[in-house]
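*Asks:* Sequence and predicted model, in that order:
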Amino acid sequence: MKIRPTLLALALSMGMSTFAQKIVYTDASEFPLYGKISTETNERYERLPSKLENVSRKEVWKLGRNSAGLYIRFCSNTTSVRIKWEALFDNEQNHMTDLGTRGLDLYALVDGEWKAVAPIRPTKKGLNEWTVIRNMQPIEREYMLYLSLYDGVKSLEIGVDEGATLEQPKVNSPSTEKPIVMYGTSILQGGCASRPGMAYTNILGRRFDREVFNLGFSGNARLDMEIAELMATVKDPGVFVIDCIPNSSDKLIAEKGEAFFRVLRDAHPDVPVIFVEDPIFPRTAFDTKLDEEVVGRNIALTTLFKKLKKAGEKKIYYVSAEKMLGFDGDATVDGSHFTDVGMLRYVENMMPTMKKALK
């Protein structure tokens, strides 16, 4: 087969320009990191302050080293973006993809809204390098890079075209004023979103254009008081969300629920607090023991809420799980953890109450 000289020259020219494009890396520590309550952590990309290392249960401490809800903001006119990073634990799970577990996710601000650009896939354990996007127009864009949900980040570098700008964000979005502070379980941490941007805390952050603190601890959201105290240190929060019921027995809710709430209320008398019921998982239609446990936990939460209302508490809200996941059974991966469909349904169920609370 013969190729015309002009076409061959064009093909070679395109190939050479692609490979000739040099990428220059900058350590992500040069850019602001959002989504963490305390800067006094052992490493940059973890959520719990170092003072809790010998206070929290070891399971909570280790999960706190996961970077769920953290994101980097930067601005660039590059035509391509490449990311180099190393996972802290190299976690793998049998119900969540590697991309959801230890991948990253890039978004760009377009006409005032955050749009998904492309996810960053881990291809191996240890150090990874991935071309996120190429062939863009060389115009200045604001970017948001979500970090891993179920792993930590040991190192992170952002690569752009040689000669392109790579600067601090110029737009305050998501806004850092009156952040949303959320405490919960593996589902809140991000299980089992297909990619970090689809965790419901991150979706809510985009919907409300507001910083969200993700304090999700897989299997270990058991009303630990040091977490309440950490939440209480947030300056001028917009709302607190208590969504830990799937990990808390009815007995535990009765014993510690009010004390956990009081830590928040004493520190912030006028900040709204939202209580969220245990999801009604598809398996409850068949598993009678699980159904009994879910009902029991939600009764305990309702009892606590009514007690607080009777005591005169204002600015407290309650989100029912009745319609949270729909009725088709398609909102979970394994009968418990949310698919992207489940994440979106959760957000839609939560938004009306959150809008009232944030007025």
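*Replies:* Yep, that arrived.

*Asks:* Give me the next element, helix or strand, following the helix ranked longest in the chain.
*Replies:* Secondary structure of the chain per DSSP state H: the longest helix is helix 288-310. For helix 288-310, the following helix or strand on the C-terminal side (DSSP states H and E) is strand 316-319.

*Asks:* Now do that next one: which elements does it pack against?
*Replies:* Applying 3 or more Cβ pairs under 8 Å, 6 or more residues apart in numbering; DSSP states H and E, we find strand 316-319 packed against strand 273-276, helix 288-310, helix 340-357. Bear in mind the C-beta positions are built from the backbone N, C-alpha and C, glycine included.

*Asks:* Where does the record place the domain boundaries for the protein?
*Replies:* 22-167, 175-357 (automatic domain parsing).

*Asks:* Is N214 part of a helix or strand, or is it coil?
*Replies:* strand (DSSP: H, G, I helix; E, B strand; the rest coil).

*Asks:* again, but for R82
*Replies:* strand.

*Asks:* tally of neighbours for the closest residue to it other than its chain neighbours?
*Replies:* Residue nearest to R82 in three dimensions, not counting chain neighbours: G159, with 3.5 Å by Cβ to Cβ, 6 or more residues apart in numbering. The number of residues packed near G159 is 22, by other Cβ atoms under 10 Å.

*Asks:* who does the helix or strand where G159 lies touch, helix- and strand-wise?
*Replies:* Using DSSP H and E, G159 falls within strand 153-161. In terms of contacts (3+ Cβ pairs under 8 Å, 6+ apart), strand 153-161 is packed against strand 23-27, strand 71-76, strand 81-87.

*Asks:* send the alpha carbons of it over as CSV?
*Replies:* What follows is strand 153-161 as a C-alpha-only set of coordinates in CSV (Å, rounded to 0.1, in the frame of the first residue of the first chain):
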residue,chain,number,x,y,z
VAL,A,153,-1.4,9.7,48.6
LYS,A,154,2.3,9.5,49.5
SER,A,155,3.5,11.9,46.7
LEU,A,156,1.8,13.9,44.0
GLU,A,157,3.1,15.9,41.0
ILE,A,158,1.2,17.8,38.3
GLY,A,159,2.6,17.8,34.8
VAL,A,160,1.8,20.5,32.1
ASP,A,161,3.3,21.5,28.8
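
*Asks:* before we move on, the earlier item: compile the domains of the chain into a markdown table and extend it with columns for mean pLDDT.
*Replies:* Listed next are those as a markdown table, based on pLDDT from 0 to 100:
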| stretch | mean pLDDT |
| --- | --- |
| domain 22-167 | 97 |
| domain 175-357 | 97 |
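
*Asks:* Tell me which residues touch V271, please.
*Replies:* Residues in contact with V271, defined by Cβ atoms under 8 Å, 6 or more residues apart in numbering, are 237-240, 264, 315.

*Asks:* rerun that using 6 Å as the cut-off
*Replies:* P237 (Cβ atoms under 6 Å, 6 or more residues apart in numbering).

*Asks:* try L230
*Replies:* I37.

*Asks:* Go again with 10 Å.
*Replies:* 37-38, 47-49, 51-52, 56, 64, 181, 183, 213, 215, 224, 263 (Cβ atoms under 10 Å, 6 or more residues apart in numbering).

*Asks:* Among these, the buried ones, what's the ChimeraX command?
*Replies:* To isolate the buried subset of the contacts of L230 in ChimeraX, counting by 16 or more other Cβ atoms under 10 Å, use the following:
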select :37,38,47,48,49,52,56,64,181,183,213,215,224,263
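
*Asks:* Show the residue spans covered by the helices in the stretch 1-150 of the chain.
*Replies:* Taking DSSP state H, counting those that start in this stretch, the helices of the stretch 1-150 of the chain run over residues 5-20, 58-64, 98-102.

*Asks:* what about G35, neighbour count?
*Replies:* With other Cβ under 10 Å as criterion, G35 counts 22.

*Asks:* Contacts only, for it.
*Replies:* 47, 67-72, 146-147, 174, 179, 201-202, 205, 211-214.

*Asks:* Now with 6 Å, please.
*Replies:* Contacts of G35 by Cβ under 6 Å, 6+ apart are 69-71.

*Asks:* do the same with T26
*Replies:* Contacts of T26 (Cβ under 6 Å, 6+ apart): 158, 166.

*Asks:* Report the separation between it and A118.
*Replies:* 19 Å (Cβ to Cβ, to the nearest Å).

*Asks:* what's the answer for A68, then?
*Replies:* From A68 to A118 the distance is 20 Å (Cβ to Cβ).

*Asks:* Between the two, which is the more surrounded one?
*Replies:* A68 (30 against 16).

*Asks:* list the buried ones in stretch 92-103?
*Replies:* 93, 96-103.

*Asks:* hmm, who's touching it?
*Replies:* Here stretch 92-103 has contacts from 87, 91, 119-122, 148, 150-151, 192-195, 333-334, using Cβ under 6 Å, 6+ apart.

*Asks:* ditto for stretch 40-57
*Replies:* Applying Cβ under 6 Å, 6+ apart, the set of residues contacting stretch 40-57 is 36, 38, 61, 64-65, 67, 152-153, 226.

*Asks:* what two of those residues have the greatest distance between them?
*Replies:* V153 and E226 (23.5 Å; Cβ to Cβ).

*Asks:* Please give me every residue in contact with the residue nearest the centre of the chain.
*Replies:* The chain has G69 as the residue nearest its centroid, 3.1 Å off, counting by Cα atoms, centre = their mean. Counting by Cβ under 6 Å, 6+ apart, G69 touches 35, 201, 214.
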